[in-house]
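Got a predicted structure plus its sequence, pasted below:
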Amino acid sequence: MLITRRPPALLTLLILALVWLSWPARAELNLPEMGDPSSALISPGQEQQLGRTLLREVRRTLPLDHDPLINSYVQSLGQRLVSSTPDAHPYFSFLVVDDPRINAFAMPGGIIGLNTGMISAARNEAEVAAVIAHEIAHVTQRHLARMYAGSSRIDLATGLAVLAGIIASAYDPNVGQAAIIGGLAAGTQARINHTRANEQEADRIGIAILAAAEYDPRAMPGFFERMMMLSRANPDSVPEFLRTHPVTANRLSDSQSRAEQYPRDGYREDSLEFRVIQARINARQDPGQTIAEHTRGRDQDDPVSRYGYATALLARGDTQGAARALDGLNDEQIPRVALNLLQAEIAQRDNRPEEAVRILARLNELYPRHLPVVHHYADALLLTGEPLMAMTVIDSLLNEGREEPGLLHLRARAADQAGQRAVSQETMAEYYFYLGQYGESLHQLELALQAPDLTPFVEERIRSKRDIVRTWIR
């Protein structure tokens, strides 16, 4: 489903909200307001704490794509690149923004955002990997912290204003540039020069990450060159990636020279998962176009094209047509998880929840604690009236310490269906907290404390959580 563009007014509110939130966060992170050069950069630990705070703000503000299969693929690709980065910490998080424009952004602590339009527009998997590797380099080289290291006031309010501008610039460059400049309280030209130097360094390191992960490093300059060609062909429609990641002739030439230093052969081919995810994104963003292209195309027998066609038909409500499109496909043609999840989704939409549970139970045995499987399996169990089993499946993943708001929402539904009102509202409070909706989180905890099934042990746990949320609100 295509999410419409957020209005500029919302982005202005994002900037104001982030600056406002800096006051309680400043005490938590204990950042200096003034300092000598040794304190000009926040510590890596502080940067990760800041990243976690901003992650909740991004969840609250930006139109994220919550499709578990798409998110699992991007997380897997991102972690593969992180594991090939010598100086990277293990706490990177990768978000998918439901936006057809070509763009990506990075935040401190290892938060990487990637638009669905970026995946859709890529000619191959190496181009998607190139963009992610570039953003990883911004994080490992601490460019975001360095952007405001020269300010006379080094505090979290300054940092949040700058970072709000970085996020906002992905959706309205004018708002973003104003926020960055205002947050830095520095000259425009100095900021641009610094940004260009950072971009060139991120290219250099990103190319090395690509090669280490066995992706063709030429994908990075190739992608840049294609973006520049698109902007020249239509000057009124410059790709958002170029607005937030300015590409100059010197930068393009430098990245080409560095990529040519690596061998030309021996790199990964496009994975089947990449082709399927790209087809899924295209089908969800524009079902009509996917259906038309498949119907008149020469690749009607191509398994990935049939998968995309089935996804588009299901988006239009044609469950019978979607089932026929998948008929005969096997897990050598389409990855088992993607194929079975779509088959289960068709069964659910066709009012056959028991068949969906059967498909997903078998899949859960093969891929236990795999996010897309757990999410769909728990949802199907709720439709067949098995909330306690759904909670068990969900907890198998949440007990690993994963921060998954979507699973928390499902768990709250399951607890409510099982008659566990206090636990349901406690879980909803966690869900809202991770979405940055602290007031609603507190409200759910207050309701939980009034639930008729509240036990002393659960009450103590909820009161402890309430104290934490009240601190954030203050």
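Structure received. Keep in mind it's a predicted model, so treat the numbers as computed, not measured.

Which element, helix or strand, includes the residue most central in space within the chain?
For the chain, residue 95 is the residue whose C-alpha lies nearest the centre (C-alpha atoms, centre = their mean; 0.7 Å). Using DSSP states H and E, residue 95 falls within strand 93-97.

what is the mean pLDDT for that strand?
Average pLDDT, strand 93-97: 94.

ok, and what's touching it?
Outside strand 93-97, the residues that touch it by C-beta atoms under 8 Å, 6 or more residues apart in numbering are 51, 55, 58-59, 62-65, 67, 70-71, 74-75, 77-79, 103, 110-116, 132, 170. C-betas here are computed from N, CA, C, even on glycine.

what about 6 Å?
Residues outside strand 93-97 that contact it (C-beta atoms under 6 Å, 6 or more residues apart in numbering): 62, 64-65, 70-71, 74-75, 78, 111-115.

Any buried residues in stretch 84-91, and which?
Neighbour-count burial for stretch 84-91 flags 84-85, 88 (criterion: 16 or more other C-beta atoms under 10 Å).

I meant stretch 127-141, not that one.
Residues 127-141 are the ones in stretch 127-141 that count as buried (16+ other C-beta under 10 Å).

one step back: which member of the contacts of strand 93-97 is positioned nearest residue 405?
Here the nearest of the contacts of strand 93-97 to residue 405, counting by C-beta to C-beta, is residue 64; it sits at 9.5 Å.

what packs against the helix or strand harbouring residue 412?
Using DSSP H and E, residue 412 falls within helix 405-417. Applying 3 or more C-beta pairs under 6 Å, 6 or more residues apart in numbering; DSSP states H and E, one finds that helix 405-417 makes contact with helix 387-398, helix 421-434.

Now the helix or strand hosting residue 293: average pLDDT?
Using DSSP H and E, the element containing residue 293 is helix 287-296. Here helix 287-296 scores 95 as its mean pLDDT.

hey, C-alpha coordinates of it in CSV?
Output of helix 287-296 as CSV, limited to C-alpha atoms (Å, rounded to 0.1, in the frame of the first residue of the first chain):
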residue,chain,number,x,y,z
PRO,A,287,-1.0,-3.5,-7.8
GLY,A,288,-2.6,-2.3,-11.0
GLN,A,289,0.7,-1.8,-12.8
THR,A,290,2.1,-5.1,-11.6
ILE,A,291,-1.0,-6.9,-12.9
ALA,A,292,-0.9,-5.1,-16.2
GLU,A,293,2.8,-5.7,-16.7
HIS,A,294,2.5,-9.4,-15.9
THR,A,295,-0.6,-9.9,-18.1
ARG,A,296,1.0,-8.4,-21.2
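
where exactly do the strands run in the chain?
Along the chain, counting by DSSP state E, strands occupy 93-97, 104-107, 111-115.

Mind giving me the packing neighbours of the second one?
The one in question is strand 104-107. By 3+ C-beta pairs under 6 Å, 6+ apart, strand 104-107 packs against strand 111-115, helix 125-140.

Output the below-cut-off pLDDT ranges for the stretch 151-300 of the chain.
In the prediction, the stretch 151-300 of the chain carries residues with pLDDT under 70 at positions 151-194, 231-247.

One more: the stretch 351-474 of the chain?
Using pLDDT under 70, the stretch 351-474 of the chain has no residue that qualifies.

separation between residue 401 and residue 91?
According to C-beta to C-beta, to the nearest Å, residue 401 stands 11 Å off from residue 91.

got it, and residue 376?
Between residue 376 and residue 91 the distance is 27 Å, computed by C-beta to C-beta.

ok, now residue 340?
For residue 340, the distance to residue 91 - C-beta to C-beta - is 31 Å.

same question, residue 257
When residue 257 is compared with residue 91 (using C-beta to C-beta), they lie 33 Å apart.

do residue 450 as well
37 Å.

Could you list the domains of the chain?
8-259, 271-351 (automatic domain parsing).

re the thing from before, residues in contact with the helix holding residue 412?
Contacts of helix 405-417 with the rest of the structure, by C-beta under 6 Å, 6+ apart, involve 66, 378, 382, 387, 390-391, 394, 398, 423-424, 427-428, 430-431, 434-435.

Quick one: work out the angle between it and helix 421-434.
160 degrees (axes from the mean of the first three to the mean of the last three C-alpha atoms, to 10 degrees).

Return the distance of helix 405-417 from the chain's centre.
21 Å (C-alpha atoms, centre = their mean, to the nearest Å).

Same check on stretch 54-64?
With C-alpha atoms, centre = their mean, you get 9 Å for stretch 54-64.

buried ones in it?
Using 16+ other C-beta under 10 Å as the test for burial, stretch 54-64 gives 54-64.

hey, C-alpha coordinates of that stretch in PDB?
What follows is stretch 54-64, C-alpha atoms only, in PDB (Å, rounded to 0.1, in the frame of the first residue of the first chain):
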ATOM      1  CA  LEU A  54      15.600   8.700  18.100                       C
ATOM      2  CA  LEU A  55      14.500   5.300  17.000                       C
ATOM      3  CA  ARG A  56      11.300   5.700  19.000                       C
ATOM      4  CA  GLU A  57      10.800   9.100  17.400                       C
ATOM      5  CA  VAL A  58      11.200   7.700  13.900                       C
ATOM      6  CA  ARG A  59       8.700   5.000  14.600                       C
ATOM      7  CA  ARG A  60       6.200   7.600  15.900                       C
ATOM      8  CA  THR A  61       6.700  10.000  13.000                       C
ATOM      9  CA  LEU A  62       7.700   8.400   9.800                       C
ATOM     10  CA  PRO A  63       5.600   6.100   7.600                       C
ATOM     11  CA  LEU A  64       7.400   2.900   8.300                       C
END
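
List the contacts of that stretch.
Residues outside stretch 54-64 that contact it (C-beta under 6 Å, 6+ apart): 3, 14, 95, 97-98, 107, 111, 434-436.

Same question for stretch 198-215.
Against stretch 198-215 from outside (C-beta under 6 Å, 6+ apart): 80-81, 84-85, 126, 129-130, 133-134, 137-138, 141, 143, 217, 220, 245, 251, 255, 258-259, 262, 267-268.

State the distance from residue 368 to residue 73.
Taking C-beta to C-beta, one finds residue 368 at 19 Å from residue 73.

Name the residue in the two with the higher neighbour count.
residue 73 (27 against 12; other C-beta atoms under 10 Å).

quick one: the more buried one and residue 275 touch, right?
No. The criterion here is C-beta atoms under 6 Å, and residue 73 misses it with residue 275 at 10.8 Å.

Out of the buried residues of stretch 84-91, the closest to residue 43 would be?
In terms of C-beta to C-beta, no member of these lies closer to residue 43 than residue 88, at 16.6 Å.

Could you check how many residues crowd around residue 367?
If we define neighbours as other C-beta under 10 Å, then residue 367 has 15 of them.

same deal with residue 398?
Residue 398, neighbours per other C-beta under 10 Å, totals 18.

Next, the contact list for it, please.
By C-beta under 6 Å, 6+ apart, the contact set of residue 398 is residue 407.

redo that, cut-off 10 Å
For residue 398, the contact set (C-beta atoms under 10 Å, 6 or more residues apart in numbering) comprises 369, 374, 391, 404, 407-408, 411, 427, 430.

Who's the closest spatial neighbour of residue 463, skipping the chain neighbours?
Using C-beta to C-beta, 6 or more residues apart in numbering and skipping residues adjacent in sequence, the residue nearest residue 463 is residue 449, 7.2 Å away.
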